[in-house]
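K.L.:
Okay, here's the prediction I keep looking at, along with the sequence it came from:
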Amino acid sequence: MAPRVDGLDREMLVLFKRACRQNRLDLAEHLLRALETLDGKPGVQVHARCQSTLTEAYRELVRPD
């Protein structure tokens, strides 16, 4: 059975948004890459919401201030 990732994506999204709000784009970039990696990791069962978590992170980047 493949390992599951429960809640990790949501926690990373919260940190990503916080980094964006605090203009810590260096940290935000690392967190976004982690979300992308989590989304595409073979052999790991990820809830369908993970893809929506990644989409939400991308939306954070393009939202108007």
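P.N.:
On my side now, so go ahead.
K.L.:
so how far does stretch 16-35 reach from one end to the other?
P.N.:
Distance across stretch 16-35, first residue to last, is 9 Å (C-alpha to C-alpha, to the nearest Å).
K.L.:
Off-centre distance for that stretch?
P.N.:
Relative to its chain's centre, stretch 16-35 lies at 9 Å (C-alpha atoms, centre = their mean, to the nearest Å).
K.L.:
who's in contact with that stretch?
P.N.:
Stretch 16-35 is contacted by residues 9, 12-13, 15, 53-54, 57, 60-61 when judged by C-beta atoms under 8 Å, 6 or more residues apart in numbering. (Each C-beta comes from the backbone N, C-alpha and C, glycine too.)
K.L.:
Same list, those, but as JSON lines with neighbour count, distance to Glu36 and pLDDT please.
P.N.:
Putting these into JSON lines (neighbours: other C-beta atoms under 10 Å; distance: C-beta to C-beta, whole Å; pLDDT from 0 to 100) gives the following:
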{"residue": "Asp9", "neighbour count": "23", "distance to Glu36": "11", "pLDDT": "91"}
{"residue": "Met12", "neighbour count": "20", "distance to Glu36": "10", "pLDDT": "95"}
{"residue": "Leu13", "neighbour count": "20", "distance to Glu36": "12", "pLDDT": "96"}
{"residue": "Leu15", "neighbour count": "17", "distance to Glu36": "15", "pLDDT": "97"}
{"residue": "Thr53", "neighbour count": "21", "distance to Glu36": "11", "pLDDT": "91"}
{"residue": "Leu54", "neighbour count": "20", "distance to Glu36": "6", "pLDDT": "92"}
{"residue": "Ala57", "neighbour count": "22", "distance to Glu36": "9", "pLDDT": "94"}
{"residue": "Glu60", "neighbour count": "16", "distance to Glu36": "14", "pLDDT": "91"}
{"residue": "Leu61", "neighbour count": "11", "distance to Glu36": "12", "pLDDT": "89"}
